[in-house]
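sharing a sequence plus its predicted fold:
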Amino acid sequence: MTGWVGRSLPRIEDPALLRGEAAFTADLAIGARAVRFLRSPVAAGRIAALRPPPDMPPGALFVTAADLPEAGPIRPMLHRFDYRAVEQPVLPRERVHFAGQPVAALVAPTAEMAEDLLDEAVFEVEAEEAVVDLDAALRPGAPLVHAVAPGNVAVEGALRQPGVEAAFAQAHRVVEFAFRSGRQNATPMETRGGLAAFDRATGRVRLTASCQMPHALRSGIAEVLGMPEADLQVVAPHVGGGFGQKMALFPEYPVLVWLARRHRGSFAWIEDRNENLTASAHSRDQRHALRAAFDAEGRLLALEAEILANVGAFSTWPVTCGVEPLMAFAEYPGPYKVPAYAARARGVLTNTCTMAPYRGVSRPVITFGIERLMDRAAAALGMDRIAIRRRNLVDSFPYRTATGMTLDEASYVEALDAAAALADIPGFRARQQAARADGRLLGLGVSVFNERTGYGTPAFAARGMGIVPGYEVVDIAMTPTGEVEARIGASPHGQGLATALSQIIADRLGMQPGQVRIVAGDTDRTPYGWGTFASRSAVIGGGACQLAADRLAERLRAAAAKVLQTTPAQVTLRDGQAFGANDASLPLAELARLAHWRSDLFEGFSLAETAAYDPGGTFSNACHVAEVEVDPETGGVRILRYLVVEDAGRIINPMIADGQVRGGIAQGIANALFEEVVYAADGTCLTGTLADYVVPSCAEVPEIELHHMETISPATVTGAKGLGEGGAIGAPAAICNAVSDALAHLGVDVAEFPATPPRIRALVRAAEASIEARP
């Protein structure tokens, strides 16, 4: 082994990006006919009239549901008795269900012309009462978003273990916490978009799309349009961020493919920022109520959770609208020992944009809940906040959670203690007291969590999903000149995956990472796979690469043994050569040439292998500590220090790992303090520009101190655990705990995030008024 794993090698993806030579979907769409979508301006209503502009120029098209009689609905499935299968039409015939829903497509030679023509199209809708938030959707007699879902509940999960009532009855203290998580948008730098091009020679369509799951997207489009998958190629070129939003099958993509097939040409749609903010996919609009029973020593005896998740108007394909509420339901205990657990989770339909997974899915919300609860419990019991966590964290592995998941080897207590020591909490308390004397309010917050990563078919099958993702397949081969090409089903979108996988493969084959080529994102050139999401690519894709490389290494050793006249067991691969007994050697490039050109020497031998990997999953963990200053006059929050102790098992490339964690924390800071999608009561989205949907800049994101621990778990063949989502998971809880700590002397307790300046100022005013009203 050469030892490339563990080194901070420069990303091989970066030169093309930095030179502006990388090709994104919009770059490739130049010259295609432009497609723009007419979108509903109202959240609920019946379509009364839909007609094209009166003066359509040559080459323009106006496409409605009437033009697509063969198109079926998008129908995500969970095989559960408590799931209601909501169908989403590609284009609606009778009704609209949220403001921004596409109702027609307009094609013109240029995007500008298409936009102008859209203004002249006739769309009349009889507006109806919309239900926009959880309270409106759940009130008795509320209008139904879909008749198939009584009470507007699309999915429900419930569990009540024996012993819950007894634990609460015997508790020394019962601590409650109710809170709300604001709705977010993933806001990738590159918006959605697609280019569908018809090949007249083959009759096939090539869809180039900014997506995360090319193979699944091809399957979904083929199902909706009733076409053979072999007639469709999906390519994800360079993708400027996905974060979960680009996993879904959106209606726009089947329309593009239908246009290309019907009109035998090239058609492109590039989403603008307003469309992305209002009509793509949102996330994390949730409300939770927690009750926890503690004994006198601060041991958690039972946890009860009531979970409500606003899932929007439709169910996202393929993961369904159950992804947020059911994840919260199953993973609420997190890294803590919970002897007795009860929970009820409901996914509630509203006349708002559909929800899709976004970095961390529900984990930022449940981590906020359990970590704020721990701080409240510590205060109620008169305990130190670190001590109460240490007392309740899982410290013996494997550990079976209250919901049946198995936690593999991790460092929950060790990471907490390391972070607490690095934070110098006694020193901070002294600085906090001195600052308060000067009128400055400092606070420190802690967040401990685990993250389920790299989980394969068993985890998804347990959810009852109609489409069960999980495994990854890698095809690997050595060329006649000695380079290795690995074709993967995972589909990276900015993570540096090609670099990391090349390091794994190079180690197993004794060669340079620069000699490894990773092929991804093309359904014609890669084996069927599930793309990139859920912190899975390094674990599952990396595991498949390692297994495939090991099999290729066996072939190389067998071939070298014939040439070097030794046994395969005596052959080692290192430094680009095969070494036999007595250090006789042969360059791998020469061996590859012989294997390809002189097959007579090797009896039909080939240098190609395939491997699949489908693990049960592994849990990474971290502790985040945030130090903030709060301005009570404006409600503004400034992050003074942010440190993380992260354990993601074996780190393949520390530089890439650090970048993943830092990027996640930046999005977590946004979740904690800034970003929120806001709707008016009638269902109009009020945050349709980046002037309204506030994204933090580098001025709001501090330097981040990272410290890695490496707990090697047998749950993965590489020893690596996923870490792509961890930064986003821990940040909201750490920051909001810090804000509450800064304002604790006023009795302020943050129970809603993002904790924006107006919200913090309102809390401070209410607390000051309460203090003044005391006798």
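Great, that's in hand.

quickly find the element holding residue 661.
Per DSSP states H and E: residue 661 is located in helix 654-673.

pull out the buried positions in that helix.
For helix 654-673, a neighbour-count test (16 or more other C-beta atoms under 10 Å) marks 656-673 as buried. (C-beta placed from N, C-alpha, C; glycine too.)

from the contact counts, what lies against the lengthiest helix in the chain?
Using DSSP state H, we find that the single longest helix of the chain is helix 542-564. Counting contacts by 3 or more C-beta pairs under 8 Å, 6 or more residues apart in numbering; DSSP states H and E, helix 542-564 packs against strand 472-478, strand 484-488, helix 497-509, strand 572-574, strand 577-579, strand 585-587, helix 588-597, strand 608-613.

where do the helices of the stretch 51-200 of the chain begin and end?
Here the stretch 51-200 of the chain has its helices, by DSSP state H, counting those that start in this stretch, at 111-120, 134-138, 164-170.

got those as TSV, with mean pLDDT and distance to residue 84 columns?
Listed next are the helices of the stretch 51-200 of the chain as TSV, based on pLDDT from 0 to 100; distance: least, C-beta to C-beta, whole Å:
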stretch	mean pLDDT	distance to residue 84
helix 111-120	96	34
helix 134-138	98	13
helix 164-170	98	28
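
any idea which of those is most buried?
helix 134-138 (a mean of 18; mean count of other C-beta atoms under 10 Å).

and the contacts of it?
Residues outside helix 134-138 that contact it (C-beta atoms under 8 Å, 6 or more residues apart in numbering) are 131, 142, 145, 151-153, 285, 287, 308, 310, 348-350.

make it 6 Å
131, 152, 287, 308, 310, 348, 350 (C-beta atoms under 6 Å, 6 or more residues apart in numbering).

just how off-centre is that helix within its chain?
Its chain's C-alpha centre and that of helix 134-138 lie 27 Å apart, by C-alpha atoms, centre = their mean, to the nearest Å.

list the residues that contact the residue nearest to residue 349 when sequence neighbours are not counted.
Leaving aside its sequence neighbours, residue 349 sits nearest to residue 145 (C-beta to C-beta, 6 or more residues apart in numbering; 4.1 Å). If a contact means C-beta under 6 Å, 6+ apart, then residue 145 has 152, 313, 349, 351 as its contacts.

looking at those, which are in strands?
residue 349 (DSSP state E).

tabulate the contacts of residue 145 (a markdown table), appending distance to residue 215 and neighbour count.
Listed next are the contacts of residue 145 as a markdown table, based on distance: C-beta to C-beta, whole Å; neighbours: other C-beta atoms under 10 Å:
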| residue | distance to residue 215 | neighbour count |
| --- | --- | --- |
| 152 | 33 | 25 |
| 313 | 27 | 27 |
| 349 | 29 | 27 |
| 351 | 32 | 28 |
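
can you redo the contacts of residue 145 as JSON lines with distance to residue 588?
Below are those laid out as JSON lines (distance: C-beta to C-beta, whole Å):
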{"residue": "152", "distance to residue 588": "62"}
{"residue": "313", "distance to residue 588": "56"}
{"residue": "349", "distance to residue 588": "58"}
{"residue": "351", "distance to residue 588": "61"}
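
now the contacts of residue 145 as JSON lines including pLDDT and distance to residue 512?
Converted to JSON lines, those look like this (pLDDT from 0 to 100; distance: C-beta to C-beta, whole Å):
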{"residue": "152", "pLDDT": "98", "distance to residue 512": "58"}
{"residue": "313", "pLDDT": "98", "distance to residue 512": "51"}
{"residue": "349", "pLDDT": "98", "distance to residue 512": "54"}
{"residue": "351", "pLDDT": "98", "distance to residue 512": "56"}
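
please, where are all the strands along the stretch 101-250 of the chain?
Here the stretch 101-250 of the chain has its strands, by DSSP state E, counting those that start in this stretch, at 102-108, 122-127, 153-160, 173-181, 184-185, 193-199, 204-209, 232-235.

buried residues in the fourth one?
The neighbour-count criterion (16+ other C-beta under 10 Å) identifies 174, 175, 177, 179, 181 as the buried residues of strand 173-181.

just so I know, which of the helices of the stretch 51-200 of the chain lies nearest residue 748?
helix 134-138 (24.5 Å; C-beta to C-beta).
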